[in-house]
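In: Sharing a model that was predicted from the sequence below.
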Amino acid sequence: MSQTTYTSDYLAGILKSAKTIAMVGASPKSIRPSYIVMKYLQKKGYRVIPVNPGVAGQEILGEKVYASLSDIPEKVDMVDIFRSSEAAGPIVDEAIAIGAASVWMQIGVINPEAAAKAEAAGLKTVMDRCPKIEYSRLSGEAGWMGINSNLVSTRRQHLL
Amino acid sequence: MPEYSFDTLSIHAGAKPDPATGARTTPIYQTTSFVFDDVDHAASLFNLQQFGNIYTRITNPTTAVLEERVAALEGGAAGLATASGHGAQLLIFHTLLQPGDHFVACKKLYGGSITQFSQSFQKFDWHVDWAETPDAAGIKAAITPKTKAVFIESLANPGGVIMDIEAIAKVAHEAGVPLIVDNTLASPYLCQPIKHGADIVVHSATKFLGGHGNSMGGIIVDAGTFDWSASDKYPSLSQPNEAYHGMKLHETFGNIAFAITCRVIGLRDLGPAISPFNSFMLITGIETLPLRMQRHSENALKVAEFLESHKEVSWVSYAGLKNSPYYDAHRKYCPKGAGAVFTFGVKGGYEAGVKLVNGIELFSHLANVGDTRSLIIHPASTTHRQLNEAQQEAAGAGPDVIRLSVGLEDAADLIADLDKALKG
């Protein structure tokens, strides 16, 4: 599914099945988007493991930072990439190697070759999206800020 | 989810049953404030790390339904509701402009916008440069290196003019600036400017969106298409923001950054928030928007055709008439109808205009458009009286001009009333 449009069911499927997320490019600075997304995902019950060689060994939001995906000593379900589109290539290779089920590239991160490789290896992939925005959109939270969810429902909303 | 049609979205977009109670109609959350779960939750909300309600000046669950509804109908990424259309315009330009900045607008505008841009905005050191002609060439000639945005109306007020949105969007984008389109008179049922290249759509929801002349409101829709970080023109979006500890709002919020910035800077600090009750009234109005706009346009065409043949009328400016210079633009940009608002000229000038509005019975003489009721006004003696005669002519509101907003009554009754008043 090397494309930049995704159905709501597809995105919800990835977010529902993931429990542990490795965040590559996680920043210890509280104003950086990666920090904000990590904090949000933690609030929603995800275990988020930060990966950033510059601050490896330190902690971000109570979690130890690893230098690379392969250093993480436990099972990772989803890899969330806060790096450039070019840097995403080798990170996706590593995500395949550690047996992740999905790779999620953030807004502006688009690498169709890497995505195709991940899909060939059986991983679900997303490019150019933010899991925080999609989680809040799919849960109906985003509407609090006037965001167009593209969802219509006649049933009471439930969190993912 | 299927791709629902416009009529379905008019009723359902943004309005799931209430999560707390299951109420099917959107409840009126008439509260100023919302409790925090704990200190950490409060900090996350204030730092924009989490979406949630803090204070009705910034967000409100009833208002959020209105915002998402209009964003969906316009095909945009996010919406923002304000106390009025003028409040919406204030927030748009507050987000785009710094003191000393300029923007280009076409003079075929609502008189209130002309005054807001040319007089009140001066106090902020924001400057409007008027295009000489209401077309892409006129807009292009007015753009300078200081220009930060282009502003037009889709169907221009007082009426009869339909702008070439695609050509003007191209000119704006070539200059690296966004196109803002006031879509009040068309409503998204008749025209969707984002499909034709607009980056920001603004509404006075007071008019056709609400449709019943009972509630003020404004809406901003962010198309999510403009790259605010491609130049250094838009520091409020692209540069670190002091109020949020150095956060760059475009980097953080991507395609919804413009709407978020209008909210968390403009609405927070300038304060033109809509009442939740007004949001409820506007949501209710929008449910029948497609039905109303069809009838408005049908009635307006019948009335315009009648006036065109009347011996006391010198001209009729309605884009739905085949001899209108804007008929082709009407077929291209709003094929479902040319709207309810148009102007015509009475033989006998200013005095004849005053006589007509004094003699009419079924039309209400007032300064609004977009009501179920038919409305009439003589702009030169009312809405456009702050302008001098040259400015009035340029705005399409000269001394002989009468503006109608044709309502949902029986067209035959409206025609009989006009005929009687014109004959005096």
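Out: Arrived safely.

In: C-alpha from now on. contacts and neighbour counts both.
Out: OK.

In: Indicate the residue of chain A located nearest to chain B.
Out: Ranking the residues of chain A by distance to chain B (CA to the nearest CA) places A:I147 first, at 4.0 Å.

In: Return the residues in contact with the nearest residue to that residue once chain neighbours are set aside.
Out: Closest residue to A:I147 in three dimensions, ignoring its sequence neighbours and counting by CA to CA, 6 or more residues apart in numbering or on different chains: B:A78, at 4.0 Å. Counting by CA atoms under 8 Å, 6 or more residues apart in numbering or on different chains, B:A78 touches A:145-148, B:67-68, B:71, B:221-224, B:256, B:259.

In: Go ahead and confirm the residue of chain A closest to chain B touches B:A77.
Out: Yes. Contact between A:I147 and B:A77 holds when scored by CA atoms under 8 Å: they sit 6.2 Å apart.

In: Those two: which is more packed in?
Out: Here A:I147 and B:A77 are set side by side on neighbour count (other CA atoms under 10 Å in any protein chain shown), and the busier one is A:I147, at 31 against 23.

In: Point to the residue nearest the middle of chain A.
Out: Here the mean C-alpha position of chain A is nearest to the C-alpha of A:D80 (CA atoms, centre = their mean), at a distance of 3.2 Å.

In: in the sheet, who's paired with that residue?
Out: Using DSSP bridges, the bridge partners assigned to A:D80 are A:M23, A:W104.

In: Can you get me a residue count around the spatially closest residue to A:S34 that is not a sequence neighbour?
Out: For A:S34, ignoring the flanking residues on the chain, the nearest one in space by CA to CA, 6+ apart is A:A26 at 5.3 Å. Using other CA under 10 Å as the criterion, A:A26 is surrounded by 27 other residues.

In: element containing A:A26, please.
Out: For A:A26, there is no host helix or strand (DSSP states H and E).

In: tell me the contacts of it?
Out: A:34-35, A:38, A:50-52, A:82.

In: What's the per-residue pLDDT of B:Y189 here?
Out: At B:Y189, the pLDDT value in this model is 98.

In: these two touch, right, it and B:M293?
Out: Yes. When contacts are counted by CA under 8 Å, B:Y189 is listed as touching B:M293 (7.0 Å).

In: What separation do you get for B:G398 and B:H378?
Out: Distance, B:G398 to B:H378, using CA to CA, to the nearest Å: 9 Å.

In: Give me the more crowded residue out of the two.
Out: Higher neighbour count among B:G398 and B:H378: B:H378, with 28 against 22, using other CA under 10 Å.

In: Next one: that one from chain A, what distance?
Out: Summarising the geometry, the distance separating B:H378 from chain A, computed by CA to the nearest CA, to the nearest Å, is 37 Å.

In: Once you drop chain neighbours, what's closest to that residue?
Out: Of all residues not flanking B:H378 in the chain, B:I402 sits nearest, at 4.8 Å (CA to CA, 6+ apart).

In: That neighbour: which element?
Out: Judged by DSSP H and E, B:I402 forms part of strand B:401-405.

In: Next up, the contacts around the closest residue to B:P17 other than its chain neighbours.
Out: Distances taken as CA to CA, 6+ apart put B:R24 closest to B:P17, at 4.7 Å, once the chain neighbours are dropped. Remark: with contacts taken as CA under 8 Å, 6+ apart, B:R24 is in contact with B:16-18.

In: Reformat those residues into JSON lines and put pLDDT and distance to B:R385 next to each item.
Out: Below are those laid out as JSON lines (pLDDT from 0 to 100; distance: CA to CA, whole Å):
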{"residue": "B:K16", "pLDDT": "90", "distance to B:R385": "45"}
{"residue": "B:P17", "pLDDT": "92", "distance to B:R385": "47"}
{"residue": "B:D18", "pLDDT": "89", "distance to B:R385": "46"}
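
In: in the chain, what spans have low per-residue confidence?
Out: This is for chain A. By pLDDT under 70, the low-scoring segments of chain A are A:1-4, A:157-160.

In: sorry, should have said chain B
Out: Applying pLDDT under 70 to the predicted model, the residue ranges of chain B that meet it are B:1-2.

In: Nearest to chain A: which residue in it?
Out: With CA to the nearest CA as the measure, the residue in chain B that lies nearest chain A is B:A78; the distance is 4.0 Å.

In: so A:D80 sits right up against A:T20, yeah?
Out: No. No contact is recorded between A:D80 and A:T20 when judged using CA under 8 Å, the distance being 10.5 Å.

In: just the CA coordinates of stretch A:128-135, formatted as PDB?
Out: Taking C-alpha atoms only, stretch A:128-135 is exported to PDB below (Å, rounded to 0.1, in the frame of the first residue of the first chain):
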ATOM      1  CA  ASP A 128       3.100  11.600   5.800                       C
ATOM      2  CA  ARG A 129       0.700  11.200   8.800                       C
ATOM      3  CA  CYS A 130       0.800  11.800  12.500                       C
ATOM      4  CA  PRO A 131      -0.500   9.000  14.900                       C
ATOM      5  CA  LYS A 132      -1.500  11.700  17.400                       C
ATOM      6  CA  ILE A 133      -3.700  13.500  14.900                       C
ATOM      7  CA  GLU A 134      -5.100  10.200  13.500                       C
ATOM      8  CA  TYR A 135      -5.800   8.800  16.900                       C
END
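
In: what about the strands in the stretch 151-300 of chain B?
Out: If you assign secondary structure with DSSP state E, counting those that start in this stretch, the strands in the stretch 151-300 of chain B sit at B:155-156, B:161-162, B:179-182, B:200-204, B:218-222, B:240-241, B:247-248.

In: would CSV of the ones you listed with distance to B:D269 and mean neighbour count be doable?
Out: Putting the strands of the stretch 151-300 of chain B into CSV (distance: least, CA to CA, whole Å; neighbours: other CA atoms under 10 Å in any protein chain shown) gives the following:
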stretch, distance to B:D269, mean neighbour count
strand B:155-156, 31, 29
strand B:161-162, 35, 27
strand B:179-182, 22, 28
strand B:200-204, 20, 27
strand B:218-222, 17, 31
strand B:240-241, 14, 16
strand B:247-248, 17, 22
